[in-house]
Structures are given as structure tokens and as C-alpha cells.
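> dropping the sequence and predicted coords here.
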Amino acid sequence: MAVWQRGFCGLLMVTATAVVLGAEKKPGQPEPVASLVPSAPDGTTIADVSAFPSPGSAHAGGAELTMVDHVNRMAILRPDRTDSQNKYHQDLPHHVSLLPYAEVFFRGGRANLEDLPLGTHLFGWFHLGPRGWFEVRLASTDYEATVKNEPNERSPESPFCRVVRLEDDFTCDARCGRVWEIVSVDPEAGKLTARAVPATEAEQLQTPARTSASVFQPPPLLEGEQTFDVNAATQVWQGDRLSDLTLVEEGQRVLINRTWATLYGPGRLTDIWVDVASRQHALDRQANRFVEHERLRGVPARIEQIAYEQNAAGVVTARCYAASSEAARAAFKADTGGYLAVAEPSLRTYDQGNDAKPIRYRSIETSENPPPGDSGLRLSFHMWEMLEGIRPGRTVRLWPASWPRPTLPREERLHPFDLRPLMIDEDGHQLIPTPFSR
């Protein structure tokens, strides 16, 4: 174990001891609980990194991306405002981590966290973390927080800290078969009014986001007529060309992406796609970007079972995560070779260029109606040398023999030690000192 890991484990032990001994809790922190509460009042359940959750058990909500640690697949979101919230509890940071099988979509295509620009409005589906359900203690006003010198530090949404799915407005509307019909546009006033309407058959996009959407609750979509903000930074796409607001006309049926959602009305438009061709180009570009990223890092999968053989060999069965492209799943063939590297729940490998082990695929099976996070693709393969990380429930990366397997940039590798330890965690606490926390 690396020095920082030993120190980190010690920090966790000290922290846990303080909680047990009744250390004072600040507003914004979870109350110590005598026993784990495994589900939220709305039925949302705890998600385990080693098992797929049940359909319909995730909490749906809208939020904006404000910070990203793409290496560790963690982020900070600003949840959408709602009329039911205390205004002093709005806009507080919501710390989240992506489950190993979490799916991300951007512009209709599969994506990674680093593909999402900061400020992008997203719809997310969340599970509880290992703590289970807890109430976040918050001061009822800024005055109370100031007098007590105990600021509200995190969102009431904080118990929902594990992400199983993220998608932008473009993807969500395309998946739901909707477009926005422009009622009026006034670039000088910076306003665009549009209404949500069903897309025609010709306007439907074949987004992979539809494949697994049926196992999730509907998102909190904008409905009816809405007036959005626009400005000179709004990008307007037509065909494969980038233009400006002079292309936008009344009666056009468009897809959009937003930022500053719910801060000043429904938000400001960052992008407008005015025709089907532009939307298809956007989807294709993002799909290609994802496939190239996937080819270099392997397809993530969960070990399901192992049949041990003599001399450290064995037959392993794994299920590919839903966060894999259809092209990648088609690349796996029975009676062909490949490689495997052990990964952590963050999907990071140790040194895939050197420690990946050769395997031989024996059978490829598919199943209908898999649970959230499961692609339905089941691979069985032979290994000549079993590794410690090959255990049921663990995450691995898999490659067909024809794919490249380069040495990744140093910050992505865990060997010989981790250069990117967690700066924040899903509970919203700072783990290591920074110039701002001393």
C-alpha cells in the first residue's frame, strides 16, 4: 500500500472514531445514525459498485455541471431550483461520483465526463451512497449561518451522491422524441421563445440513449412555452456549419442545450441545432470521440463468476457495463484472443501497457431487458494467469486482440502510486489540504 493510501486509511479511521465518540456536527453534515437507512423517502436505494441496481430505483433530477475530476469520475453539480425549496438552500454544491457502470450522454452520443463542458445543464439519475439516507442539517437563513459562523456547505440533495446516468438537454429531448418550435427570437433583447412539441418521424434521432431509458424514472422536463436567454456566445448549428443567431427564425424546430438553468428563468441557450442534419452531425462526432477513447482504455465489465483450474488458470464470466458502445460490443468474438486489465470502481487501471494479461474468449451471450448499468453482453473467457483483482463483483477492462493498448498518461495510471488522489469525495468533504483549506 502506498504511503498516501496508508495515511488516507488512517484519516478515515480517525474520522470514524470521532463520529462514534459524538464529535460535534456542523450544519450541512449528516447526522450520525444508529443503523443504516437503506432507502430514501422516495424509494431511492443504495447503489453498490459491485452489483447492478433494480429498475426504477434511482432518483431523477436536473442540475448544472460546475466542477469535474474526470480522472476519478467525480463532479460537483448545482441542482436546479424548485419552488418548494428554502431559498437559502438553493445553489449549494452537490458532490457526486459516477458508479462504474454509469452511462453519460452528450449531444445524443455516449460520452465520458471530460466531454461535458462546465456549465452544461444535465438530467441525472442518482442513488444513495454507502451511508444510506440521511437528513442534511442546514441553517434556515444566511443570517443564522453567519451568526453561528456555520455556513451551509452542501446541497440537501447530497444523500443522492452516486450517479447511474447523466444526459444533456439535447439527448433528453431527442430520446423523448421532442423538439422546440420557435415562436419568436429577438437577438437585440437577448430573448428566444419556443414551445416543446413532439418530433415528427423525420426528426427522430437514433440515439443510443433510448436503449436503456425504460429502466429509469422520467426526468423533470420543461413543458409548454418557455422564454430563454440568448447572446453572442450562443452557438447556432446548421448542417455541419457553425453560425450565429442570424440563422434562427420563427417556426424552426430545433434542439437546444442550456446553462444557468433556473437561475433566471429556464436558462440561457449555449447551442441551437436548427435542422436534422446538424443534429446528426453532432451525434456522430460525439459517438466517434467516445469510441476512440474506449478503444484506447478497454471496455469496462464486472466479473460475474469464476471457474478455477490448475496452475493459476481459470474461466471467467463477465458482464459488460452499459457504458460501452455498440461498436465495441460487436468487436468481441468467440474463439479469439484479447487482453484484460484489473480496474478500480473509478475505471482506472494500474498500468495497462504492462500488466494486462492475455485471455481467450470462449462464448459471447446477450440477454434481454438487463438491469440499469448492464449492457446485456456476457463474455466468457479463459485466463492462463489469474490475478488478485479477478474476483466476483470486481471491475476489469477488456480488449479484443486487434485493439491498441497504449500506456496511458501518468495521471490516469495507479502504478506505481496515485498522482491524482481524491480532492473531494461523494460525501462533500475535503480529503487532502489545499491552499484554500489551511
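Received, thanks. Numbering: from 1, shown residues only.

> show me what counts as buried in the longest strand seen in the chain.
Among the segments of the chain that qualify as a strand by DSSP state E, the longest is strand 94-106. Residues of strand 94-106 classed as buried under the neighbour-count rule (16 or more other C-beta atoms under 10 Å) are 94-106. (C-beta placed from N, C-alpha, C; glycine too.)

> would a markdown table of those with distance to Ser346 be doable?
Below are the buried residues of strand 94-106 laid out as a markdown table (distance: C-beta to C-beta, whole Å):
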| residue | distance to Ser346 |
| --- | --- |
| His94 | 19 |
| His95 | 15 |
| Val96 | 13 |
| Ser97 | 8 |
| Leu98 | 8 |
| Leu99 | 10 |
| Pro100 | 7 |
| Tyr101 | 12 |
| Ala102 | 11 |
| Glu103 | 16 |
| Val104 | 14 |
| Phe105 | 20 |
| Phe106 | 20 |
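
> hang on, the earlier thing: quick check: next helix or strand after the longest strand of the chain?
In the C-terminal direction, the helix or strand that comes right after strand 94-106 (DSSP states H and E) is strand 109-110.

> can you give the domain ranges for the protein?
1-25, 26-168, 170-292, 299-412 (automatic domain parsing).

> assign Asp180 to helix, strand or coil.
Quick fix: residue 180 reads Trp, not Asp. Of the three states, Trp180 takes strand according to DSSP: H, G, I helix; E, B strand; the rest coil.

> looking at it, it is touching Ala199, isn't it?
No: between Trp180 and Ala199 there is no contact, the gap being 10.0 Å when judged by C-beta atoms under 8 Å.

> quick one: the helices in the chain, in order.
Along the chain, the stretches classed as helices by DSSP state H are 3-20, 142-147, 169-175, 276-297, 326-331, 352-355.

> what about the closest residue in space to Ala328 that isn't next to it in sequence, neighbour count?
Nearest-residue entry for Ala328: Val299, 5.0 Å, with adjacent residues in sequence omitted and distances by C-beta to C-beta, 6 or more residues apart in numbering. Other residues within reach of Val299, judged by other C-beta atoms under 10 Å, total 26.

> if we can go back for a sec, which stretch among the domains of the chain comes nearest Met423?
Of all the domains of the chain, it is domain 26-168 that lies closest to Met423, at 6.4 Å by C-beta to C-beta.

> picking that back up, now the helices of the chain in JSON lines, with mean pLDDT and distance to Arg162?
Rendered in JSON lines, the data for the helices of the chain read as follows (pLDDT from 0 to 100; distance: least, C-beta to C-beta, whole Å):
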{"stretch": "helix 3-20", "mean pLDDT": "39", "distance to Arg162": "18"}
{"stretch": "helix 142-147", "mean pLDDT": "88", "distance to Arg162": "28"}
{"stretch": "helix 169-175", "mean pLDDT": "97", "distance to Arg162": "20"}
{"stretch": "helix 276-297", "mean pLDDT": "97", "distance to Arg162": "22"}
{"stretch": "helix 326-331", "mean pLDDT": "92", "distance to Arg162": "24"}
{"stretch": "helix 352-355", "mean pLDDT": "93", "distance to Arg162": "25"}
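
> just those: most buried one?
The highest average neighbour count among those, using mean count of other C-beta atoms under 10 Å, belongs to helix 169-175 at a mean of 26.

> what comes into contact with that helix?
For helix 169-175, contacts defined as C-beta atoms under 8 Å, 6 or more residues apart in numbering pick out 105-108, 121, 123, 167, 179-180, 196, 199, 204-205, 207, 209-210, 213, 219, 221, 255-258, 271, 273, 279, 282-283.

> over to stretch 181-193?
Contacts to stretch 181-193, defined as C-beta under 8 Å, 6+ apart, come from residues 194-195, 197, 225-231, 245-246, 248-254, 269.

> which residues are in contact with Pro130?
Each residue near Pro130 by C-beta under 8 Å, 6+ apart is listed here: Ile46.

> tell me the confidence at it?
The pLDDT attached to Pro130 in the predicted structure is 91.

> next one: the one 4 residues further on
Looking at Phe134, its pLDDT reads 91.

> relative to Ala40, how far out is it?
When distances are taken as C-beta to C-beta, to the nearest Å, Phe134 and Ala40 turn out to be 9 Å apart.

> one more: His94?
His94 sits at a distance of 14 Å from Ala40 (criterion: C-beta to C-beta).

> before we move on, what about Leu414?
Using C-beta to C-beta, one gets 33 Å for the distance from Leu414 to Ala40.

> picking that back up, which neighbours do Phe134 and Ala40 share?
Residues within reach of Phe134 and of Ala40 at once, by C-beta under 8 Å, 6+ apart, are Pro159.

> contact partners for Thr227?
191-193, 265-266.

> that one bridge partners, please.
With DSSP bridges applied, the residues forming beta bridges to Thr227 are Thr193.

> any idea of the pLDDT on it?
The predicted local confidence for Thr227 comes out at a pLDDT of 98.

> same check, this time on Ala232
On the pLDDT scale, Ala232 gets 96.

> OK, contacts around the nearest residue to it once chain neighbours are set aside?
Of all residues not flanking Ala232 in the chain, Asp244 sits nearest, at 7.4 Å (C-beta to C-beta, 6+ apart). With C-beta under 8 Å, 6+ apart as the criterion, the residues that contact Asp244 are 232, 234-236.
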